[in-house]
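Enquirer: structure for this input, please:
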Amino acid sequence: MNEHYQDPKKVKALIDLGSLSSLNKDLEPAEGVQHDFSNPAKNVTVAYHRDRGEDLDWDHHASAKAFFKSDIEQYGYLFTQAGEWYVKGGKFTEAVLLTKAIAQDY
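Expert: So this is what the prediction gives:
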């Protein structure tokens, strides 16, 4: 995320996908490349709505604190207006800067 999702336009496009099954460096497959939930294209993000036909799912939270207290399945990521990514999940029971999490090999 830190490497591939720093441009606010690309971050918005990522958010517009709704809930994700997996996050990869590309949002869309190359033109003409087959991509769906059962057969994802290499390095392409997999979204439940776009790739499996589920209802578009966005949870709205009043604050970052509310988001991180919500029911995060495995990992929860938050992109701040300052352009920083935070993550909660795995061995991190509280939200931490993604750069810190990567440094600790999460």
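
Enquirer: now do the helices in the protein.
Expert: Remark: helices of the chain, listed N- to C-terminal, are 8-16, 48-52, 64-69, 98-103; assignment by DSSP state H.

Enquirer: possible to save those helices as JSON lines with distance to Asp36?
Expert: Using the backbone N, CA and C atoms, a C-beta is placed for each residue, glycine as well. Converted to JSON lines, the helices of the chain look like this (distance: least, Cβ to Cβ, whole Å):
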{"stretch": "helix 8-16", "distance to Asp36": "18"}
{"stretch": "helix 48-52", "distance to Asp36": "5"}
{"stretch": "helix 64-69", "distance to Asp36": "29"}
{"stretch": "helix 98-103", "distance to Asp36": "28"}
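
Enquirer: would you mind measuring from Ala95 to Asp26?
Expert: Using Cβ to Cβ, to the nearest Å, one gets 26 Å for the distance from Ala95 to Asp26.

Enquirer: hang on, I meant Gly83
Expert: 20 Å.

Enquirer: so the two - more neighbours on which side?
Expert: Neighbours per residue, other Cβ atoms under 10 Å: of Gly83 and Asp26, the larger number sits with Asp26, 14 against 10.

Enquirer: give me the pLDDT value at that one.
Expert: On the pLDDT scale, Asp26 is placed at 96.

Enquirer: can you name the residues bridging to it?
Expert: Judged by DSSP bridges, the bridge partners of Asp26 are Val44.

Enquirer: for it, list the residues it contacts.
Expert: The neighbourhood of Asp26, defined by Cβ atoms under 8 Å, 6 or more residues apart in numbering, consists of His4, Ala41, Asn43, Val44, Thr45.
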